[in-house]
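A.B. asks: the following block contains a protein sequence and its predicted model.
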Amino acid sequence: MNIETIKQLARDTTRQYNPQGLVPFPFDAIVDSRGDLDIFYSTATSDDISGAIFLQDDRFTILINSTKPNVRQYFTIAHELGHYFIHREWLVENSNKGFVDYSDTLDGQGMLLRPDAPETMTSVDLQKEREANNFAAELLMPESEVRQVWELTHDIVECAKTFQVSRVAMAVRLERLALQ
């Protein structure tokens, strides 16, 4: 999927589930209205895993590593929702094996996992991760709003606080928008 299509999908998702532009994004609005999605937080995941999405019994489950900083959890939920919206068909077709980064993690159920260190992933896996990251960035840090806040502050820390993301996520976003 190309970047413009992903950005539009994120904007459409915002219009539908967060028309007020609330920060943090009200993920519960998506969960409540979709009817086939749950988000769970767990301390039982490996430290190198931030989140996962998997399909079981016609329900998608997003699992978030609750030992990670809040800003990381926030971005990870948006990232996993990117997989949900962009890669839904792939998840359904591969529900028996999934997209696996670490096969033994979470009982080896063949889940779509987003590790902190993706160096072991294939190029197809990396493409899916880039797509989910682009979705998350646009969902949590919409381009027009980031440009407005940046013009007011010219400060990465302030921008990161405004959008409740990490400084690293904001720095990447600013760089991709050619603002820094």
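C.D. replies: Noted; the coordinates are in hand. Numbering: from 1, shown residues only.
A.B. asks: how far off centre is whichever strand or helix holds residue 124?
C.D. replies: Assessed by DSSP states H and E, residue 124 sits inside helix 123-140. For helix 123-140, the separation from the chain centroid amounts to 7 Å (computed by Cα atoms, centre = their mean, to the nearest Å).
A.B. asks: give me the next element, helix or strand, following that helix.
C.D. replies: The first helix or strand that comes after helix 123-140 along the chain, using DSSP H and E, is helix 143-153.
A.B. asks: what's the very next helix or strand once past that following helix packed up against?
C.D. replies: Sequence-wise, the next helix or strand downstream of helix 143-153 (DSSP H and E) is helix 156-163. Using 3 or more Cβ pairs under 8 Å, 6 or more residues apart in numbering; DSSP states H and E, the elements in contact with helix 156-163 are helix 143-153, helix 167-176. The C-beta positions use only the backbone N, C-alpha and C, and glycine is treated the same way.
A.B. asks: show me the contact partners of stretch 29-43.
C.D. replies: Residues outside stretch 29-43 that contact it (Cβ atoms under 8 Å, 6 or more residues apart in numbering): 13, 17-18, 27, 58-67, 73, 77, 81, 84.
A.B. asks: between its first and last residues, how far does it reach?
C.D. replies: 24 Å (Cα to Cα, to the nearest Å).
A.B. asks: was I right to think residue 71 contacts residue 164?
C.D. replies: Yes - between residue 71 and residue 164 there is a contact under Cβ atoms under 8 Å: 6.2 Å.
A.B. asks: which of these two has more residues huddled nearby?
C.D. replies: Neighbours were counted for residue 71 and for residue 164 using other Cβ atoms under 10 Å; residue 71 has more, 20 against 16.
A.B. asks: roughly how far does the more buried one sit from residue 39?
C.D. replies: 16 Å (Cβ to Cβ, to the nearest Å).
A.B. asks: check residue 131 too.
C.D. replies: In terms of Cβ to Cβ, residue 131 sits 20 Å off from residue 39.
A.B. asks: again, but for residue 20
C.D. replies: Computed with Cβ to Cβ, the distance linking residue 20 and residue 39 is 20 Å.
A.B. asks: looking at the two, which one has more neighbours?
C.D. replies: Neighbour tally, residue 20 and residue 39, criterion other Cβ under 10 Å: the higher count belongs to residue 39, 18 against 7.
A.B. asks: SS state for that one?
C.D. replies: What DSSP: H, G, I helix; E, B strand; the rest coil gives for residue 39 is strand.
A.B. asks: what's the helix holding residue 124 in contact with?
C.D. replies: Applying Cβ under 8 Å, 6+ apart, the contact partners of helix 123-140 are 1, 3, 6-7, 9-11, 13-14, 23, 25, 74-75, 78-83, 85-87, 90, 99, 101, 114, 118, 121, 163-165, 169, 172-173, 176.
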